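**Student:** Quick one, fold the following:
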Amino acid sequence: MDATLRNIYNLVNYYTTNNIDYDVRVVSNSAGVQFMIKDVKGTKFAKNKISEKVAKSIKERMQSLADGYNVKFEQCSITLQRTKIDKSRLKSFVKTTSSGQVQLVDLEEQGYAYIKVK
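**Tutor:** Modelled structure (predicted):
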């Protein structure tokens, strides 16, 4: 996630510096949900070894991108259901979409570029 956030920052910084309009969306599904929730306690992702310091840094950078650059973060509702994570656990700036895959297809049909991140 660290490299992903750095790449997003570089992208929006370039567009901002060059006065280019943009609309950046991060659509999360599957294991990406662990970065969209406030904490992983009580989830299957709790066993992952992400330090509290790193988790805090990720949250702050995501918040900064959302607030300062209007980057939109969207989480797949199917993943929330499958992982039994209530949407109330999402970070305040994360919205839900009914299906991450459908959202990606819809955005591509509207002309958005798709940059897959692992």
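**Student:** From here on, just use CA atoms for contacts and neighbour counts.
**Tutor:** Will do.
**Student:** residues of the longest helix seen in the chain that come out buried?
**Tutor:** As assigned by DSSP state H, the longest helix anywhere in the chain is helix 52-69. By neighbour count with 16 or more other CA atoms under 10 Å, helix 52-69 contains the buried residues 55, 58-59, 61-63, 65-66, 69.
**Student:** Sort those by pLDDT and name the bottom one.
**Tutor:** Sorting these by confidence puts Ala55 at the bottom, with a pLDDT of 86.
**Student:** measure that residue to Gln101 for me?
**Tutor:** With the distance defined as CA to CA, to the nearest Å, Ala55 ends up 26 Å from Gln101.
**Student:** try Asn70
**Tutor:** Counting by CA to CA, the gap from Asn70 to Gln101 is 22 Å.
**Student:** Likewise for Tyr114?
**Tutor:** Plainly put, Tyr114 is 11 Å away from Gln101 if you go by CA to CA.
**Student:** Among the buried residues of helix 52-69, which one lies nearest to Asp21?
**Tutor:** Sorting the buried residues of helix 52-69 by distance to Asp21 puts Tyr69 at the head of the list, at 11.0 Å, by CA to CA.
**Student:** residues contacting the nearest residue to Cys76 once chain neighbours are set aside?
**Tutor:** Spatial nearest neighbour of Cys76, chain neighbours left out: Gly100 (4.5 Å); criterion: CA to CA, 6 or more residues apart in numbering. The contact partners of Gly100, taken as CA atoms under 8 Å, 6 or more residues apart in numbering, are 27-29, 74-78.
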